[in-house]
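Visitor: All I have is the shape, not the residue letters:
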């Protein structure tokens, strides 16, 4: 009971803090960067190992430069997500530009459904919020539940404030079946790592054997819904562009694992161009080491 009270007080304080202008929150982020990187050293060993193995062609100096840029962005991402607690619809649309969204919207106008995918790159949370405002339907976003249920409830309240529907990963099939008679878009963050017991397929990704989830491919082949890749790009602090790229329009015609490997090919290209915006602090390859 005491923990719940303190948690509610904490989330209320965070909500109040979110009303600060982003320029001021970014000032706080700059201070946080030094604390997180130099003082706490949050997951520094994991980040260094991930970067070194993903870019074997880069020197130690280049790896450290990417590492520092990542931590600078990580604290920016923290305050951007905090800002989402009080952000307006107009502010979201101002900060996230979506290109070629009409390619997916055309399906909804015909009463048809699509799938979309992205990685944990840039502010994917703000990107999903923008997609919910831009499209004529409310996206169903597949997510992996976390252990702290109180925090998950608070975070999902923030994520769904403009109508997006968040679906726990293991309830995906049920949610797809429940919406089969209406136009919908199910969104997958397909770069999450499976547990060791759930590993079904391994690919080569960023120079490493990588265990992958097959949820996107399985749903796509069962429903033959076209898949769009959301290529998220950070333009400057607090501003993003998302390219809606047709990735696979006829999933039923693909070979086994083709969709999964196509997604990771797109994601690798995104990461290699600006690596600092991917979530390197996640121990992505733990199932393969």
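Guide: It's in. Predicted, not measured: the structure shown is a model, and the values here were computed from it.
Visitor: alpha carbons only for contacts and neighbour counts from here, please
Guide: Will do.
Visitor: hmm, who's touching the helix or strand of the chain with the lowest mean pLDDT?
Guide: Lowest by mean pLDDT, DSSP states H and E among the helices and strands of the chain is helix 2-17, with a mean of 78. Residues from elsewhere that reach helix 2-17, judged by Cα atoms under 8 Å, 6 or more residues apart in numbering: 82, 85, 86, 150, 154.
Visitor: Now, those that are in helices?
Guide: Secondary structure from DSSP state H places 82, 150, 154 of the contacts of helix 2-17 in helices.
Visitor: contacting residues around the host helix or strand of residue 166?
Guide: Residue 166 belongs to strand 165-168 when assigned by DSSP states H and E. Here strand 165-168 makes contact (Cα under 8 Å, 6+ apart) with 138, 139, 140, 141, 142, 143, 144, 145, 156, 159, 160, 175.
Visitor: Tell me the one among those residues nearest to residue 75.
Guide: residue 159 (18.9 Å; Cα to Cα).
Visitor: Low-confidence bits of the stretch 101-250 of the chain, can you list those?
Guide: The stretch 101-250 of the chain contains residues with pLDDT under 70 at 197.
Visitor: quick one, phi psi at residue 119?
Guide: phi -110, psi -180 (degrees, to the nearest 10).
Visitor: Report how many residues lie close to it.
Guide: Under the neighbour criterion other Cα atoms under 10 Å, residue 119 is assigned a count of 25.
Visitor: if I read this right, it contacts residue 193, doesn't it?
Guide: No - using Cα atoms under 8 Å, residue 119 is not in contact with residue 193, being 11.3 Å away.
Visitor: Pull the contacting residues for residue 154.
Guide: Contacts of residue 154 (Cα under 8 Å, 6+ apart): residue 11.
Visitor: on that earlier part again, pull out the buried positions in the strand holding residue 166.
Guide: 165, 166, 167 (16 or more other Cα atoms under 10 Å).
Visitor: From the chain's centre, how far out is it? Work that out for me.
Guide: 14 Å (Cα atoms, centre = their mean, to the nearest Å).
Visitor: circling back: quick one: name whatever helix or strand follows the least confident helix or strand of the chain.
Guide: Immediately after helix 2-17, counting by DSSP H and E, sits helix 22-34.
Visitor: End to end on stretch 225-245, go ahead and measure it.
Guide: 14 Å (Cα to Cα, to the nearest Å).
Visitor: what are the phi and psi values for residue 184?
Guide: Dihedral angles (degrees, to the nearest 10) for residue 184: phi -150, psi 160.
Visitor: my read: it touches residue 140, true?
Guide: Yes - Residue 184 is within contact range of residue 140, at 7.5 Å (criterion: Cα under 8 Å).
Visitor: out of these two, which sits in the busier spot?
Guide: A direct count of neighbours by other Cα under 10 Å for residue 184 and residue 140 places residue 140 higher, at 25 against 21.
Visitor: Residue 187 versus that one, what's the distance?
Guide: Distance from residue 140 to residue 187, by Cα to Cα: 6 Å.
Visitor: do residue 283 as well
Guide: 22 Å.
Visitor: between the two, which one's more packed in?
Guide: Remark: of residue 283 and residue 187, residue 187 carries more neighbours, 24 against 15, as counted by other Cα under 10 Å.
Visitor: Pull up the pairing partners for the helix or strand harbouring that one, direction included.
Guide: In the assignment (DSSP H and E), residue 187 maps to strand 185-189. Its sheet considered, strand 185-189 pairs with strand 114-118 (parallel), strand 140-143 (parallel) by DSSP bridges.
Visitor: would you turn those strands into CSV with distance to residue 64?
Guide: Putting those into CSV (distance: least, Cα to Cα, whole Å) gives the following:
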stretch, distance to residue 64
strand 114-118, 26
strand 140-143, 31
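Visitor: before we move on, back to that, could you flag which of the contacts of helix 2-17 are buried?
Guide: Buried among these by 16+ other Cα under 10 Å: 82, 85, 86.
Visitor: ok, residue 251 touching residue 216?
Guide: No - judged on Cα under 8 Å, residue 251 makes no contact with residue 216 at a distance of 10.3 Å.
Visitor: if we can go back for a sec, can you list the helices and strands that the following helix or strand past the strand holding residue 187 packs against?
Guide: Past strand 185-189, further along toward the C-terminus, the next helix or strand under DSSP H and E is strand 202-205. Under the contact criterion of 3 or more Cα pairs under 8 Å, 6 or more residues apart in numbering; DSSP states H and E, strand 202-205 touches strand 208-211, helix 258-273.
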